[in-house]
Every structure is written in structure tokens, then in C-alpha cells.
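# what's the 3D shape of this:
(2 chains)
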Amino acid sequence: MNEPSAPRVRFAPSPTGRLHIGGARTALFNWAFARRHGGVFLLRIEDTDHERSKPEYERAILEGLRWLGLDWDEGPDVGGPHAPYRQAERLDLHMAAAARLAAQGSAYRCFCSAERLEQLREQQSARKAKPGYDGLCRSIPKDVAQRRVDAREPNVLRFAVPQGETRFLDLIRGDVTFQNTEVDDWVMVRTDGGPTYNFVVVCDDTAMGITHVLRGEEHLTNTPKQVLLYRALGCEPPRFGHFPLMLGTDGKKLSKRTGDTALEDYRDRGFPVEAVLNFLCLQGWALDGKTEVFGVDELIANFDPAQVSKAGSIFDVDKFMWMAGEYIRMDTLERVAERCAPHVVASGQLTADEIHTRQSWYRAAVATEKERIRTYAELPERIAYLFHPDDGLVFDAKAEANARKQLGDGALVHAYLDWLRPKVAAGVDAAALRDGTKAWLAERGAKFPALFQPLRCALTGEPGGPDLFDVMALLGSERTLTRLGHGIARLQTPVAT
RNA sequence: GGCCCCAUCGUCUAGUCAGGCCUAGGACACCAGGUUUUCAUCCUGGCGACAGGGGUUCAAAUCCCCUUGGGGUCACCA
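Just a heads-up that it's a prediction; the model follows:
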């Protein structure tokens, strides 16, 4: 068996918006496929829609791909043997192909007005026929058409769909067949002379030697048009593979309506990039059916488009959050602290300078919450209690209720505070205090919650949180004593009714 | 509506192509216990699915057909 040479695949986003999370998965799978087989992954910008294409979107898309850690061998920024990699810059090639197709009769000029087409569609839908161009201009003799073109009569170039049926073997879906009667004589070149997507995508995939077109299922119905065009061009079509769609909680194509759809939303919400990558892998693909947590190395070593599932997948944010937390727990403290830093700065709790100068304190604070946060953005809210005024902490209602219940007449807590104060005043040694406190409680046969609930409320105002002696260490002697003094007094004040 | 695609726990999925090893496995979520100074983590257990109906076969989640359901697409957008 002759194995085909190394594959050449591409990711071809349209710079008309931010990078969609589904697009990110498409890019990831293409990239993994290329890397697995020692092939080439290239990036091409589909900017044939001049109205909606924006340079800033292109920048954002590239930035998103870089954030994911995907690298491309050819592309608009790195160049390559098939440059340029922006379709708008390849107009000459497209026009040459259009002329060739027109000359050989695979395409024809159409002079139908927008009004006529609209009328046609209305009539068709009125009698429940399939909407589509009726081929009226197909019968115009070439020389007549040319004269009308020369006379500057507005026109488009349409592809002349032949009779018959079009089949292709989809890597994911298997044998797919369309009757050509279902395929419109679609527009290749617009009135303004601009080529359309279905036309340029084939021109460029051919020119760039693309061997596998792996893309979302929304393109499945474009495929017969493209296959027909490859044939007209005298080219063998590449292999196609259509990934199932990523769906929102409403079961429809993921859209703004049901949650964040842009990759950068998840980056900004503090999801670890490794978790994003891992979770994207799980949308339509599985490593072995058992292993959920794995990295791109495993993806590259095992990815096979033929094993991608055919059914769409609903984007489960709960599982995504779980996975994000999983990666934070596995990671080193240093890196988690570093990646949380921008969020802490944005919250106003610390400046970047303060994080730097108080790094060991900052890291200790992160350490206390590392197993509790699921995203980097959750850190500020979790450590907010550290930044509140020591004499005016806001008590969570549940925390306060529990604390009051455990406090009783306060005798135990006050006895403990008498024991604790001089030690804390001398400096907070968390481990020593922890051991000492447990021994102190054991001597008196007291229950832990009777002491710790009131302390926790006085110290943090929260019902849950890190070990209290770690909290004392973060607060330091003075602030610990202040909070204890004010807090316990407040818990003994009768509740106003 | 036409065409195309799809169909396993609430969700992501393994198993389907090469029918028996499946009284259908894993994960998230949920519930219950355990560990713990609380919360979280961690550990243990539980709940929970082959859409329905016909075939083919000794045997079907797996193959075929129909029905139902869902999605995509029907542009001078990509």
C-alpha cells in the first residue's frame, strides 16, 4: 500500500468576528491531524466579504490561536510557499480561474436583477417548490452575453451545475450523495466583481495543495458545490470530513443566546488554557472512553477524524468548570499565582507592583484557595475578606447564625482568646498555633466547631474557607487581634429585632 | 417545507464500521456516607440510557427498513 504523502490541512477563519469556540475546536483538530502525520497546518484568512472583514478580528483570531498554543507552518503572518494567505490578496488567481471556467462553459453570465430573483423565490415558496435559480440566463448565447458585459450591464458569474448526482466519501459521515438538481447554479462572482466563498475556497485549497478539508457540519451542503467545481477545474477533490456541531443548551448551534461563544471570553473568565484545550477535545472525540483529563500530546498521538462522533454535542459548562478546577489543582502554586495576578489587579485588591513586592504573602494567599477556585477569576472574590476593614467586616448571614449558635455564653471562646492573644502578639506561627489549639481543646474536652465557627466568622465573615491559622498568618498579628476583638464582641451583641 | 446529517444515562462519551466478552463502561451534575475546624479537596456507594416498531440472525446497542425526534442548510455571508 502506498500511504499518501504528508497531509496538508488548513484552518480558514473569516475575520468577521472573534474566534468562535467551535472554530477553535476545528483549528485544534486540524492542527492535531497535521502534527500527528508530520503534515502541514496552514492558516488562511477568508476575507472575501469586504463589508464585514476587519483587521482587528484577524488579529484577535491569530491571538486566540496562539493562546491555545497552536502553531501554523504557513499563514498570513509567517508567509509560505503559497502566499499570499489572505484571499482578498489572491484576486488575480481567482479571476483567472473564473475566466477559464467561463471559457470552457462551466460558468455563465447571469443578468437577472435582484428583483427578478426575489420574485422567483416568492413564487417558488408560494407553490412550495424548492427555492433556487431557474437557470434563465444559461441559454443566453456566449457572444450575446459578452456584448452585454461589454456594455457594462450588471451581471454575476454563475456556476453551471451539470446533471447527475454528486457523491463524496466523508471521513466522518461516510458516503454522502446529493442530487445535482438540489444544487443551485450558485454565484461565483458577484456584480461588484468580488468572488464568493464557495468559489475561492476551492481555488485556494487547490492552489495550496490541501489534502484534507476538516470543518464544521454547517459546510456539508456546500460540499457538493465544491466537489463539482473541483471537477470542472480538472482537479481531484481533497478528502472531506465534517465535524458535528457544538450546540448550546437549547440544542441549537451554539450562539450568544445560550452562553459565551468566543474563545477569548473563556480566556478572560480565567479558564486555564490547558483545560480549554482538553475540554475542546472532548466535544466529539474521546481518547479511550475512560481518560477524561489529558493534554495535546495525547491528542496528537491518537487523533483520528474517522473516530469523531457524528452527533452534535451540547456544550456543558458545568463539566468545563470542573475541568478548569482540575487543572488549577494539578498546577504549581507559582503558575497559578501568576495566572491569577491579572484578575487580582483588575479587582483592585492589589496593584501589579504590590503583587511583586509582597510575592510570598500573595502566593500564600493563593495557596489557601488553590483547591477551591475553578478559574483564575474566582480568586479575588475568594480572598476578598483579606482586604476588608478589620473593624467592619461584613458577616455572611449563614456564617453569623452558625457562629452565634456555637458561641453560647462565650466562656469557651474568651478563655481561648486569653490563651491565644499573647501567642499571636508574638507572631503568627500557623503550625504551632494549630497544634497548640488542638491540644488546648482536647484538655478541655471541647468540640472543635464551638470554637472554630465563631473564630471563622470573626476572622473572615465567611461560612467556609481555608484553615484558620493560615488565615491568621495572612492577616498578621495586629489584624488578627483586631478582627477577633471586634468580631467576637459583635457576635455577643443581641440581634436587633 | 425540500434536501442533507444525526439518534446510548439530564450532559460529554466508550461500545456500532469487523453482531456474542454489554445483567451497556467512564466522566460531569445530582443524592447518600466517610475524612476534615468550616467550605472545598479527597475516598466510597447510589441514581441514571441503547427513541419506538418491524425485520435479518442461534444471537442485535451493534446490520436492514419504517416511524418519531433533533440538528444543519436552502444568499451576489462565510
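
# Residue of chain A closest to RNA strand B, please.
Proximity to RNA strand B, evaluated over chain A using Cβ to the nearest atom of the strand, is greatest for residue A:464 at 2.3 Å. Just so you know, the C-beta spots here come from the backbone N, C-alpha and C atoms, and that holds for glycine as well.

# List the buried residues for the strand or helix carrying residue A:24?
Here residue A:24, judged by DSSP states H and E, is contained in helix A:21-36. Using 16 or more other Cβ atoms under 10 Å as the test for burial, helix A:21-36 gives A:21-35.

# of the residues you listed, closest to residue A:263?
Comparing those against residue A:263 with Cβ to Cβ places residue A:24 closest, at 4.7 Å.

# so who does the closest one touch?
By Cβ atoms under 8 Å, 6 or more residues apart in numbering, the residues touching residue A:24 are A:64-65, A:68, A:263, A:276, A:280.

# now with 7 Å?
Residue A:24 makes contact with A:64, A:68, A:263, A:280 under the criterion Cβ atoms under 7 Å, 6 or more residues apart in numbering.

# Sitting in strands, which of the residues you listed do you find?
Among these, none falls in strands (DSSP state E).

# got JSON lines for those residues, with distance to residue A:476 and neighbour count too?
Listed next are the contacts of residue A:24 as JSON lines, based on distance: Cβ to Cβ, whole Å; neighbours: other Cβ atoms under 10 Å:
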{"residue": "A:64", "distance to residue A:476": "42", "neighbour count": "23"}
{"residue": "A:68", "distance to residue A:476": "41", "neighbour count": "21"}
{"residue": "A:263", "distance to residue A:476": "41", "neighbour count": "28"}
{"residue": "A:280", "distance to residue A:476": "43", "neighbour count": "24"}
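
# Mind checking which of those land in helices?
Mapping these onto helices (DSSP state H) picks out A:64, A:68, A:263, A:280.

# Turn those into CSV, columns for pLDDT and distance to RNA strand B.
Listed next are the ones in helices among the contacts of residue A:24 as CSV, based on pLDDT from 0 to 100; distance: Cβ to the nearest atom of the strand, whole Å:
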residue, pLDDT, distance to RNA strand B
A:64, 98, 16
A:68, 98, 18
A:263, 97, 16
A:280, 98, 10
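
# List the residues that contact the spatially closest residue to residue A:347 that is not a sequence neighbour.
Nearest non-adjacent residue to residue A:347, counting by Cβ to Cβ, 6 or more residues apart in numbering: residue A:380, 3.6 Å away. By Cβ under 7 Å, 6+ apart, the contact list for residue A:380 reads A:343-344, A:347, A:349.

# out of those residues, who has the most neighbours?
residue A:344 (24 neighbours; other Cβ atoms under 10 Å).

# how many neighbours does residue A:155 have?
Each residue near residue A:155 was counted by other Cβ under 10 Å, and the total is 18.

# What of residue A:229?
Residues near residue A:229, counting by other Cβ under 10 Å, number 25.

# now the nearest residue to it once chain neighbours are set aside, what's its secondary structure?
With Cβ to Cβ, 6+ apart as the criterion, residue A:229 has its nearest non-adjacent residue at 4.6 Å, and that residue is residue A:202. What DSSP: H, G, I helix; E, B strand; the rest coil gives for residue A:202 is helix.

# The spatially closest residue to residue A:74 that is not a sequence neighbour: what's it in contact with?
Closest residue in space to residue A:74, ignoring its immediate chain neighbours: residue A:80 at 2.8 Å, by Cβ to Cβ, 6+ apart. Listed by Cβ under 7 Å, 6+ apart, the contact set of residue A:80 reads A:42, A:73-74.

# secondary structure class for the residue nearest to residue A:358 when sequence neighbours are not counted?
Of all residues not flanking residue A:358 in the chain, residue A:350 sits nearest, at 7.4 Å (Cβ to Cβ, 6+ apart). For residue A:350, the assignment made with three-state DSSP gives coil.

# What's the local residue count around residue A:350?
Neighbours of residue A:350 under the rule other Cβ under 10 Å: 21.

# which bits of the stretch 101-250 of chain A sit near RNA strand B?
Applying Cβ under 7 Å from any atom of the strand, one finds that the stretch 101-250 of chain A approaches RNA strand B through A:112-114, A:117, A:121, A:128, A:130-133, A:154, A:156, A:173-179, A:182, A:184, A:186-187, A:190-192, A:194, A:196-198, A:217-222, A:244-245, A:247.

# Mark which of those are buried, thanks.
Buried subset of these (neighbour count, 16+ other Cβ under 10 Å): A:112, A:117, A:132-133, A:156, A:173, A:176, A:178, A:184, A:186-187, A:194, A:196-198, A:217, A:219-220, A:222, A:244-245, A:247.

# which SS class is the residue nearest to residue A:347?
Assigned by three-state DSSP, the conformation of residue A:380 is helix.

# tell me the pLDDT at it?
pLDDT, residue A:380: 98.

# repeat for the one 10 residues further on
You'll see residue A:390 listed with a pLDDT of 95.

# State the distance from it to residue A:456.
Separation of residue A:390 from residue A:456 (Cβ to Cβ, to the nearest Å): 15 Å.

# Name the residue in these two with the higher neighbour count.
Taking neighbours as other Cβ under 10 Å, residue A:390 and residue A:456 compare with residue A:456 leading, 23 against 17.

# which residue is nearest the centroid of chain A?
For chain A, residue A:263 is the residue whose C-alpha lies nearest the centre (Cα atoms, centre = their mean; 3.0 Å).

# For that one, give its distance to residue A:166.
Separation of residue A:263 from residue A:166 (Cβ to Cβ): 34 Å.

# those helices in the stretch 251-400 of chain A, which residues are they?
Per DSSP state H, counting those that start in this stretch, the stretch 251-400 of chain A carries helices over the ranges A:263-268, A:273-281, A:296-302, A:317-330, A:333-347, A:352-357, A:359-369, A:379-383, A:397-407.

# quick one: which of those has the weakest pLDDT on average?
helix A:397-407 (a mean of 93).
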